[in-house]
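>>> here's my sequence, what's the structure:
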Amino acid sequence: MYFSSPQVESRIEFTPIPQNDNDQTLNNNNNRGHVPVNNITNRHIVIKPIEEPFDWDFLVIMLRLALVGTLLVGVSLRETRIDKPKTILYPPRIFIDKLHIPEIKIIDGELSAIWEITLTISNVMNASINIEKLETKISYKEDDILACKTPIEPQYKLPSPGLPLIGKDSKKVHFKLNTTGWDKDQPIVDDSVIQSIEQDMQKGVTRFSLHMMVVGEVESSDGWVIPFGMFPICNTLGVKFERDDHKGETGTMIVSKPIECLGMVEWEEERMAINNRDE
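Reported below is the predicted structural model:
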């Protein structure tokens with residue numbers, strides 16, 4: 001006796017894993033912590049790009065720097081246009097028109113002489129110049145001082161309060177220098193210099209130089225007053241001697257045309273005119 005079992009057909013079916021899930025799994029493994037934006041389909045999730053905040057501090061710093069630069073430029077322009085005279089400054093020009101020696105002689109080894117000099121002082125600017133002081137020295141050749149005047153003689157002194165030159169003006173100044181060899185206010189002349197002058201007198205020709213110190217002020221049209229000092233020199237002025245039985249020798253400058261005296265000019269610190277300060 002036996003029992004027969006009916007044949008049962010067994011079938012096992014495997015459902016294939018979707019390829020997309022594998023790809024998503026691989027992507028998740030390869031990109032840990034990163035969620036692909038393209039694969040998110042949930043309409044409740046909105047992803048916005050990250051925007052960096054605007055740097056307002058940098059803008060404020062740049063604006064401050066621009067403001068400081070503008071202020072510095074303005075101050076510089078103000079000093080250039082307002083705090084400085086606009087007039088281009090030129091010192092007066094000084095010419096020697098005449099050098100006459102009415103008397104020159106050597107007695108007992110001492111020099112006695114008179115030098116008469118005529119100058120022309122010219123203003124080459126439209127501004128006003130006031131000459132306040134003029135000192136002069138006469139020297140043998142270039143360096144050996146023979147006589148000086150500080151200031152020039154009273155009968156030839158500058159009119160008070162000075163010698164004004166308004167605009168492009170010119171004025172003449174006449175003065176004398178003299179020495180007897182015994183004057184306390186005159187320099188002591190070395191014996192060798194006196195001997196050289198005596199030899200030149202015998203030859204009939206010698207050379208003198210005129211040294212000056214001029215002190216004055218320039219007043220520009222925009223109200224600035226600029227003091228100055230200048231030290232012009234007329235070097236080696238040729239003089240021809242002639243015999244005068246009553247006075248000894250006389251001398252006259254060989255060159256008849258005016259000769260310009262040149263030298264260093266020192267400009268002092270400018271200042272505003274008093275009348276403009278009060279306005």
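>>> please enumerate the helices of the stretch 151-279 of the chain.
191-203, 274-277 (DSSP state H, counting those that start in this stretch).
>>> where among those is average confidence lowest?
Across the helices of the stretch 151-279 of the chain, helix 274-277 has the smallest mean pLDDT, namely a mean of 42.
>>> show me what residue 134 is bridged to.
residue 214 (DSSP bridges).
>>> next, count neighbours for it.
24 (other Cβ atoms under 10 Å). (Glycine included, C-beta is placed from N, CA and C.)
>>> so where's the stretch 1-150 of the chain uncertain?
For the stretch 1-150 of the chain, the stretches with pLDDT under 70 are 1-55, 74-87, 150.
>>> which parts of it are strands?
Listed in chain order, the strands of the stretch 1-150 of the chain (DSSP state E, counting those that start in this stretch) span 93-107, 110-122, 128-140, 144-149.
>>> identify whichever of those lies nearest to residue 226.
For the strands of the stretch 1-150 of the chain, proximity to residue 226 was assessed by Cβ to Cβ; strand 128-140 is nearest, at 10.0 Å.
>>> what is the orientation angle of that closest one with strand 110-122?
150 degrees (axes from the mean of the first three to the mean of the last three Cα atoms, to 10 degrees).
>>> and strand 128-140, what's buried?
128-131, 134, 136-140 (16 or more other Cβ atoms under 10 Å).
>>> cool, stretch 228-248 as well?
So, applying 16+ other Cβ under 10 Å, buried residues of stretch 228-248: 228, 230, 232-235, 237, 239, 241, 248.
>>> kindly report the same for stretch 112-124.
Taking 16+ other Cβ under 10 Å as the criterion, stretch 112-124 shows 112-117, 119-121, 123 as buried.
>>> just the residues you listed now: which is nearest residue 173?
residue 119 (4.6 Å).
>>> show me what contacts that closest one?
94-97, 172-175, 261 (Cβ atoms under 8 Å, 6 or more residues apart in numbering).
>>> nearest residue to it other than its sequence neighbours?
Once flanking residues are discounted, residue 119 sits nearest to residue 173: 4.6 Å by Cβ to Cβ, 6 or more residues apart in numbering.
>>> then residue 268?
Nearest non-adjacent residue to residue 268, counting by Cβ to Cβ, 6+ apart: residue 227, 4.2 Å away.
>>> again, but for residue 107
residue 181 (7.7 Å).
>>> looks like that neighbour contacts residue 112 (just checking).
Yes. Contact criterion Cβ atoms under 8 Å: residue 181 and residue 112 qualify, at 5.7 Å.
>>> closest one to residue 189 out of the buried residues of strand 128-140, please.
residue 140 (8.0 Å).
>>> hang on, the earlier thing: just send the buried residues of stretch 228-248 back as CSV, with pLDDT too.
Formatted as CSV, these follow (pLDDT from 0 to 100):
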residue, pLDDT
228, 93
230, 94
232, 95
233, 95
234, 93
235, 90
237, 93
239, 93
241, 89
248, 63
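>>> distance to residue 70 added to the residues you listed, as a markdown table?
Shown next, in a markdown table, are those (distance: Cβ to Cβ, whole Å):
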| residue | distance to residue 70 |
| --- | --- |
| 228 | 37 |
| 230 | 42 |
| 232 | 47 |
| 233 | 50 |
| 234 | 53 |
| 235 | 54 |
| 237 | 59 |
| 239 | 65 |
| 241 | 72 |
| 248 | 77 |
